[in-house]
Each structure stands twice: as structure tokens, then as C-alpha cells.
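[1] generate a structure from the sequence data that follows.
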Amino acid sequence: VHLVESGGGLVQVGDSLGLSCSTSGRTLYAVGWFRQAPGKEREFVAAIGWSGRSTAYTDSVKGRFTISRDNARNTVYLQMNSLRPEDTAVYYCAAKVTPDLVVRTREYEYEDWGQGTQVTVAA
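    Numbering: from 1, shown residues only. Next up is the predicted model:
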């Protein structure tokens, strides 16, 4: 499965940015966003179950980021508001393409990964 992320870029503190993750030909079940800042390990950001009713967020983004999905378009979105310099990272989309209805928050639970998109928040 080829996951394609888009929407990264350079923004200012307090700005908003939206990321999307899509694929063609396969159904995306559980989907998660992870990020890796320079010199740091990759970390969980947000995840969503297949129905869209179940979501999970890391504490540092709760209330600022929103994950959502459009199953008809096989696309998952990450809306990021009130961005901070510490949100600067490469953001990766990860997906399960075998049937799975629950939210997954751990890297090893995912089967496919996108190439990553850079998000830079300038102070």
C-alpha cells in the first residue's frame, strides 16, 4: 500500500496547518500520525479508528490537533491549530490495511507508512 502524505510546510507560531494521508486501491483501517523531531525518536501524535468515532491523542496536542477521516475518499486528516515550535518535526502517516476497527497508538501495530512530510513552526 502506498500512503501519500501532504500538507506540510513552514508556518508561524499560533498558525494552523492541515495534513492529509491517502491511498488508492486499499481500505485504510486504523490510521495514526507520528512525528520525529531532529535528534529525537519518533513519537505518537494521534490515531483514529476505522469508523472515525474513536480517536486518541498524545497529551501535548490535545485540544490543538484534530484527526478525522473520510472513508469514501480513503483519506485521513490531521488538523493542527495553535502550532508551537516544539511541533516542528517530520510527520508520518501509518495505517493498518488488514481489517481492524480499534484505535492503535503504537508504531509496531501499523503495517504501512508514508514517506513523511515536514512541518516547521517558526518562533
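[2] from here on, contacts and neighbour counts on C-alpha atoms
    Will do.
[3] now the chain, which segments are flagged as low pLDDT?
    Under the criterion of pLDDT under 70, the regions of the chain flagged as low confidence span 1.
[4] centre-most residue in it?
    The central residue of the chain, meaning the one whose C-alpha is nearest the mean C-alpha position (Cα atoms, centre = their mean), is residue 33 at 2.5 Å.
[5] now it: how far from residue 47?
    To residue 47, residue 33 is 6 Å away according to Cα to Cα, to the nearest Å.
[6] all strands for the protein, in order.
    Remark: strands of the chain, listed N- to C-terminal, are 4-6, 9-12, 17-22, 31-36, 43-48, 55-57, 65-70, 75-80, 89-95, 112-113, 117-122; assignment by DSSP state E.
[7] residue 102: which of those strands is closest?
    Closest to residue 102 of the strands of the chain is strand 43-48 (Cα to Cα; 7.9 Å).
[8] contacts for the closest one next, please.
    With contacts defined as Cα atoms under 8 Å, 6 or more residues apart in numbering, strand 43-48 is touched by 30-36, 54-58, 61, 67-69, 102-107.
[9] which parts of that strand are buried?
    Across strand 43-48, burial judged by 16 or more other Cα atoms under 10 Å covers 43, 44, 45, 46, 47, 48.
[10] okay, it in PDB with CA atoms only?
    Once non-C-alpha atoms are left out, strand 43-48 reads as follows in PDB (Å, rounded to 0.1, in the frame of the first residue of the first chain):
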ATOM      1  CA  GLU A  43       6.600   9.600  18.700                       C
ATOM      2  CA  PHE A  44       2.800   9.000  18.600                       C
ATOM      3  CA  VAL A  45       0.700  12.100  17.800                       C
ATOM      4  CA  ALA A  46      -2.900  11.000  17.000                       C
ATOM      5  CA  ALA A  47      -4.800   8.000  15.800                       C
ATOM      6  CA  ILE A  48      -8.300   7.200  14.600                       C
END
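[11] sweet, I'm off.
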